[in-house]
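Q: Please work out how this folds:
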Amino acid sequence: LSPLAHKGAHLPPSLEIPMMHQRQNRNLGAILSLVALVSIALVAYTSTRTEGNLGASLAVRPNFALRTVIPNCMQTNARKPSKRFREIQEKVEKRPYKTKEAISLLKQLASAKFVETMELHADLNIDPRKATQNLRTTVVLPKGTGKTVKVAVLCKDEVAKDYMSAGADVAGFQDLIDDINKGDLNFDRLITTPDMMPQIAKLGRVLGPKGLMPSIKSGTVTTDVPSTLQEIKAGRVELRADKKGVVHLPFGKVNFDEEALLENFRAIQDVIDANKPSDIKKQYWNSVYMSTSMGPGLQLDLQALNAKEYE
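A: Sure thing, here's the model as predicted:
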């Protein structure tokens, strides 16, 4: 071996240049190999689109071993609207409707095999990330929701019978806590008293994802449990804007008469207007749509709505 071959020795410039060329050639070879693989993948994908089947394109290439996967974004699995929905859409005009006209049309178009729910979708000009614009309150629908609501009360055992008599479907302390921890949530709303909040906090991991966590803002933490029970049974619902400032709320069933639905709608509008943030100086309502569970959305006439002209 050359004396220069021991550890720490440096090669003379005459030998370093050929080695540098070898490294460059290896890098160039790797790049060319990558380009070749990408080209093969594009050819296979083009053949697949042309022939309609990857297997057909591979049949003429027995030595082809590269597996091509079509990204999800290139796959079209969207369902086409049903014949029923297309027929309904043909009856809807592309214009804003007044409230009562929209209610009447949606009742006529409801053709599902169950009693559909009337829904309100209001886009408000608010930023829920700001504490002053985080809309969350409750509204009592005068004509109810059309749905039987099961209400549970987390309370001390000695008053559980009184709350059951007041209209609660479930009431208790430790037994109810055990059921909740097991995931046995046989109720639609849960209310409690302030002294029970330490126990409620431990149940947050179960109740939170289900939207059943009691809170003061939603009126489900109260000292007047009998009155709260009556309001919820009568049709009190939580009104809350999502992260984009949109309120989604049911306000009855299609088998309600038009006047009952209009009365529920007006109650929601009044509560939203009453809770307008003080720092909103421009237009409060961006757009409002009304729909049924399985029907199209009808845009409401915003100018008429602000003037409270419903017919």
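Q: Low-confidence ranges, the stretch 51-200 of the chain, go.
A: Within the stretch 51-200 of the chain, the ranges that satisfy pLDDT under 70 run 51-78.
Q: 90 instead?
A: 51-94, 110-113, 131-132, 134, 136, 147-148, 183-184, 186, 197-200 (pLDDT under 90).
Q: residue boundaries of the strands in it?
A: Here the stretch 51-200 of the chain has its strands, by DSSP state E, counting those that start in this stretch, at 117-124, 136-140, 151-154, 170-172, 189-192.
Q: Quick one: end-to-end length of stretch 299-308, please.
A: Length of stretch 299-308, first residue to last, C-alpha to C-alpha, to the nearest Å: 16 Å.
Q: Check which residues of that stretch are buried.
A: For stretch 299-308, the neighbour count (16 or more other C-beta atoms under 10 Å) marks Gln299, Leu300, Asp301, Ala304, Leu305 as buried. Heads up, the C-betas are built off the backbone N, CA and C, glycines and all.
Q: What lies in contact with that stretch?
A: Outside stretch 299-308, the residues that touch it by C-beta atoms under 8 Å, 6 or more residues apart in numbering are 95-99, 102, 266, 269, 285, 287-290, 310.
Q: If any of the residues you listed are buried, give me the PyMOL selection for them.
A: Of these, the buried ones go into a single PyMOL selection, burial set by 16+ other C-beta under 10 Å:
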select buried, resi 96+97+99+102+269+285+288+289+290+310
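Q: still on that earlier bit, most tightly packed of the strands of the stretch 51-200 of the chain?
A: Comparing those by mean neighbour count (mean count of other C-beta atoms under 10 Å), strand 151-154 ranks first with a mean of 25.
Q: Render the CA-only coordinates of stretch 225-236 in PDB, please.
A: Provided in PDB are the C-alpha atoms of stretch 225-236 (Å, rounded to 0.1, in the frame of the first residue of the first chain):
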ATOM      1  CA  VAL A 225     -84.600  22.700  38.300                       C
ATOM      2  CA  PRO A 226     -88.400  22.300  38.000                       C
ATOM      3  CA  SER A 227     -88.700  25.500  35.800                       C
ATOM      4  CA  THR A 228     -85.800  24.400  33.700                       C
ATOM      5  CA  LEU A 229     -87.400  21.000  33.200                       C
ATOM      6  CA  GLN A 230     -90.600  22.500  32.100                       C
ATOM      7  CA  GLU A 231     -88.900  24.800  29.600                       C
ATOM      8  CA  ILE A 232     -86.800  22.000  28.000                       C
ATOM      9  CA  LYS A 233     -89.900  19.800  27.700                       C
ATOM     10  CA  ALA A 234     -91.800  22.700  26.200                       C
ATOM     11  CA  GLY A 235     -89.200  23.300  23.500                       C
ATOM     12  CA  ARG A 236     -86.200  25.200  24.800                       C
END
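Q: Now for the buried residues of stretch 299-308: which two are most distant?
A: Gln299 and Ala304 (11.6 Å; C-beta to C-beta).
Q: Without its sequence neighbours, what residue ends up closest to Arg189?
A: Of all residues not flanking Arg189 in the chain, Val151 sits nearest, at 4.9 Å (C-beta to C-beta, 6 or more residues apart in numbering).
Q: should've said Arg236
A: Arg236 sits nearest to Val140 (C-beta to C-beta, 6+ apart), 4.6 Å away.
Q: doesn't Ile232 make contact with that neighbour?
A: No. Taking contacts as C-beta atoms under 8 Å, Val140 lies outside contact range of Ile232: 9.1 Å.
Q: quick revisit: who's in contact with the residue nearest to Arg189?
A: So Val151 contacts Gly167, Ala168, Asp169, Val170, Phe187, Asp188, Arg189, Leu190, Ile191, Leu229, Ile232, Lys233 (C-beta under 8 Å, 6+ apart).
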